[in-house]
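Peer 1: Turn this into a model:
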Amino acid sequence: MSYYYVGSPYSRFPGGLDAAFREICLIMGGFVKARKPAYSPIAHTHPIAMASGIDPFDHAIWLPFDKPMMEGAKGLAVVTMTGWQESKGLREEIAYFRRAGKPIHYIDPDAPCLSDLAPSPLPGGGRRSLAAMETAA
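Peer 2: Purely as a prediction, here's the structure:
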């Protein structure tokens, strides 16, 4: 299976953990609607942390847990939500994908759907929507 790993801020999101979870779920809904396989560690593991009493801030737990998903992903989609540049976990994910030589796309969280998306090779390249990832991949 070929999918994107979707990185986003979590602990540094100004609205808190639940707000970060809700926002990334909206973004992931765009992937689902476009039938583009994707994995978001926040969308997939926030409920697990909350229900199981696992520390959501413990990178020693979550980064190794997500490593197999990073290894299997065809690329990284960084959602440039508020706080993304300050996110320790997201910095680690970006560094992993750079070392692996996999493409990194910077995604505008305000893009209404995947058909409006375009890849951006560098953060300085501007924030883009997700749709051009389809043609770039």
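Peer 1: How far away from the center of its chain is stretch 43-51?
Peer 2: On the basis of Cα atoms, centre = their mean, to the nearest Å, stretch 43-51 sits 15 Å off its chain's mean C-alpha point.
Peer 1: Would you mind listing the outside residues contacting that stretch?
Peer 2: Residues outside stretch 43-51 that contact it (Cβ atoms under 8 Å, 6 or more residues apart in numbering) are 6, 10, 17-18, 20-21, 24-25, 28, 54-56, 62, 65-66. C-beta here means a position set from N, CA and C on the backbone, and glycine is covered the same way.
Peer 1: likewise stretch 79-94?
Peer 2: Contact partners of stretch 79-94, identified using Cβ under 8 Å, 6+ apart, comprise 5-14, 20, 23-24, 27, 41, 59, 62-63, 66, 70, 76, 78, 104, 106-109, 123, 127.
Peer 1: could you flag which of the residues you listed are buried?
Peer 2: 5-13, 20, 23-24, 27, 41, 62-63, 66, 70, 76, 78, 104, 106-109, 127 (16 or more other Cβ atoms under 10 Å).
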